[in-house]
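Asker: Need coordinates for the below:
(4 chains)
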There are 2 protein chains.
Amino acid sequence: MKDGLLLELFASLPPTARQEFNLDRGQTAFLQGDNTLGMYGVISGKIQLQRHTQAGVVIVIHTAHAEGSFAEASLFSDHYHCDAVALETSRIIRYDKKAINHRLATDPDFAIAITKRFAMQIQFYRRQLELIAIGNAKERVFAGLVEGMLKSDIKTFASQIGLSHEAVYRALANLVASGRIEKAGRGKYLWNGAKK
Amino acid sequence: MKDGLLLELFASLPPTARQEFNLDRGQTAFLQGDNTLGMYGVISGKIQLQRHTQAGVVIVIHTAHAEGSFAEASLFSDHYHCDAVALETSRIIRYDKKAINHRLATDPDFAIAITKRFAMQIQFYRRQLELIAIGNAKERVFAGLVEGMLKSDIKTFASQIGLSHEAVYRALANLVASGRIEKAGRGKYLWNGAKK
DNA sequence: TTCTGTTTATGATTTAAATCATCTTTGAAA
DNA sequence: TTTCAAAGATGATTTAAATCATAAACAGAA
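Answerer: Residues are numbered from 1 along each chain as shown, chains lettered A, B, ... in the order given. The predicted structure is shown next:
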């Protein structure tokens, strides 16, 4: 999710309320049960949130990539409900819970800004879920294209929409053949109605 | 998503800021481009948000069911970016944008409460996405069980986790056979570690 | 109590996507 | 300017889930 605004939004927090960390693969930002210190942004790398059930079953809650964020809900609870594990070498930034809550309660502009950002994330995830729910590679690829999700390479696009890259290539070829989209160069596709 | 708290959260808004509507199948709460009046809660029925692109392509953004909400992001924009169409006879409630924004800016408790609710929704959708990403019926069903998503009937459960009900029945039988879960009656299953 | 509809459940068949394999194109580094 | 790695692209094969079909269990209405 595009999160460039996260840094911007939290830039106004006092410097003491922002702390950066490097994590090696396997290291954790926090563990289930730890006292909550704040929410996090991912500068680079990949952080996975995992919950452990009584019987030792591990459930993946979320995987946050560069520019993403995680543990927002921890702002409103005393303990983290999951582990945050680095899947690869990562750089993350923690935004202090108390500072955020204080700003939230005293700065209307900040309250509105953070609510807006959260609302937009909700919107994004809902779209994503509806997209994934399209049970047909061709239509899913088309919808993904229309949504503007093919920004860089097709493999990234493929994993975003939950398909193998081969399936995506085939769907794209198929859509071109049936005239619903147009090939505009290696790995570039336009649908009728997309601005050049 | 469990949204019982939405009504509670917005109960403190002045009565004039809440308005209920009935929609027949096919009727709309608003159309793309309309001036935004507020966000909505669904009391009963099913509302689908659809975006229309230049070339007339329809993209489903979200489908809100009873107890759910929609158009949160409209609180922060002037025009709706999609249509809200009733897929069946529905009763909905609109929460006035100005009233919410006013409360957000003047009532710290309200600001915190709404931010919390949004954060929890984000959490919910992320979990949902990770669940759907499990590309294997058996493991997906198991994860869904562990997540406590099998509350009433299996067909509902199946559609929530994006599988046919047959696939779910088979996965359940398979999980029972391999001893990972236990059958506790018709349509009732427990996994090791679930409280009775 | 019987009828009816729905949910649970399982078997058979089809199908679409994953996987595996191969080859081309391209761009960057040696 | 050759070499190499990665992305793009497509073909062949396998596989898992959807679909279609059927039936038992159950719940509620007549």
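Asker: and chain A, which of its residues are near DNA strand D?
Answerer: A:135, A:153-155, A:165-166, A:169-170, A:172-173, A:183, A:186-187 (Cβ under 7 Å from any atom of the strand). The C-beta positions use only the backbone N, C-alpha and C, and glycine is treated the same way.
Asker: Give the residue spans of chain A that score low on pLDDT.
Answerer: Residue ranges of chain A with pLDDT under 70: A:1-5, A:194-196.
Asker: Find the closest residue to DNA strand C in it.
Answerer: A:A167 (3.0 Å; Cβ to the nearest atom of the strand).
Asker: can you pull the contacts of that residue?
Answerer: A:A137, A:A158 (Cβ atoms under 8 Å, 6 or more residues apart in numbering or on different chains).
Asker: Pull out the buried residues from the helix or strand containing it.
Answerer: Per DSSP states H and E: A:A167 is located in helix A:165-177. Within helix A:165-177, the residues that count as buried by 16 or more other Cβ atoms under 10 Å in any protein chain shown are A:A167, A:V168, A:Y169, A:A171, A:L172, A:L175.
Asker: Mind listing residues that contact stretch A:138-158?
Answerer: A:127, A:131-132, A:134, A:160-165, A:167-169, A:171-172, A:174-175, A:180-181, A:187, A:189, A:191, A:193-194, B:53, B:57, B:59.
Asker: Point out the residues in chain A that sit beside DNA strand C.
Answerer: Within reach of DNA strand C by Cβ under 7 Å from any atom of the strand, chain A has these residues: A:G135, A:N136, A:A137, A:K138, A:G162, A:L163, A:S164, A:E166, A:A167, A:R186.
Asker: Now the third one, what are its backbone angles?
Answerer: Torsion angles at A:A137 (phi, psi; degrees, to the nearest 10) stand at phi -60, psi -50.
Asker: got it, and the first one?
Answerer: Listed backbone geometry of A:G135 is phi -90, psi 50, with angles given as degrees, to the nearest 10.
Asker: excluding its backbone neighbours, what's nearest it?
Answerer: Nearest residue to A:G135, sequence neighbours excluded (Cβ to Cβ, 6 or more residues apart in numbering or on different chains): B:G162, at 7.9 Å.
Asker: For the one you found, give me its contacts.
Answerer: A:I132, A:A133, A:G135, B:I132, B:R140.
Asker: any idea how far the first one is from chain B?
Answerer: Remark: distance between A:I132 and chain B (Cβ to the nearest Cβ, to the nearest Å) = 5 Å.
Asker: Same question for A:G187.
Answerer: On the measure of Cβ to the nearest Cβ, A:G187 and chain B end up 22 Å apart.
Asker: Next, the residue nearest to A:G135: secondary structure please.
Answerer: Secondary structure state of B:G162, per DSSP: H, G, I helix; E, B strand; the rest coil, is coil.
Asker: give me phi/psi at the closest residue to A:S74 other than its chain neighbours?
Answerer: Among residues not flanking A:S74 along the chain, A:T36 sits closest, at 4.2 Å (Cβ to Cβ, 6+ apart). Backbone torsions of A:T36, given as degrees, to the nearest 10, read phi -80, psi 130.
Asker: so A:T36 makes contact with A:H81?
Answerer: No: with contacts defined as Cβ atoms under 8 Å, A:T36 does not count as touching A:H81, sitting 9.4 Å away.
Asker: the helices in chain A, which residues?
Answerer: Under the criterion DSSP state H, chain A carries helices at the ranges A:4-10, A:97-106, A:108-132, A:137-146, A:154-160, A:165-177.
Asker: Please name whichever of these is nearest to B:A64.
Answerer: Nearest to B:A64 among those is helix A:108-132 (8.8 Å), distances taken as Cβ to Cβ.
Asker: which of the residues in the closest one are buried?
Answerer: Neighbour counts over helix A:108-132 (16+ other Cβ under 10 Å) mark A:108, A:110-132 as buried.
Asker: And for stretch A:99-107?
Answerer: For stretch A:99-107, by 16+ other Cβ under 10 Å, it's A:A99, A:I100, A:N101, A:H102, A:R103, A:L104, A:D107.
Asker: how far out from the middle of the chain is stretch A:71-80?
Answerer: The chain centroid and the centroid of stretch A:71-80 are separated by 18 Å under Cα atoms, centre = their mean, to the nearest Å.
Asker: So what touches that stretch?
Answerer: Here stretch A:71-80 makes contact (Cβ under 8 Å, 6+ apart) with A:30-36, A:38-40, A:49, A:81, A:84, A:97, A:100-101, A:118, B:112, B:115-116, B:119-120, B:122-123.
Asker: just stretch A:108-118 next, same as before
Answerer: Residues from elsewhere that reach stretch A:108-118 (Cβ under 8 Å, 6+ apart): A:5-6, A:9, A:12, A:72, A:100, A:103-105, B:73, B:75-76, B:101, B:104-106, B:108, B:111, B:114-115, B:118-119, B:121-122.
Asker: Kindly recompute the last result at 6 Å.
Answerer: Under the contact criterion Cβ atoms under 6 Å, 6 or more residues apart in numbering or on different chains, stretch A:108-118 has outside partners A:L9, A:R103, A:L104, B:F76, B:L104, B:A105, B:A111, B:I114, B:T115, B:F118.
Asker: what about dumping the CA coordinates of that stretch to PDB?
Answerer: Taking C-alpha atoms only, stretch A:108-118 is exported to PDB below (Å, rounded to 0.1, in the frame of the first residue of the first chain):
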ATOM      1  CA  PRO A 108      -7.700  18.100  15.700                       C
ATOM      2  CA  ASP A 109      -5.800  18.300  12.400                       C
ATOM      3  CA  PHE A 110      -3.700  15.300  13.400                       C
ATOM      4  CA  ALA A 111      -6.800  13.400  14.500                       C
ATOM      5  CA  ILE A 112      -8.400  14.100  11.200                       C
ATOM      6  CA  ALA A 113      -5.300  13.200   9.200                       C
ATOM      7  CA  ILE A 114      -4.700   9.900  10.900                       C
ATOM      8  CA  THR A 115      -8.400   8.900  10.600                       C
ATOM      9  CA  LYS A 116      -8.300   9.800   7.000                       C
ATOM     10  CA  ARG A 117      -5.200   7.700   6.400                       C
ATOM     11  CA  PHE A 118      -6.800   4.700   8.200                       C
END
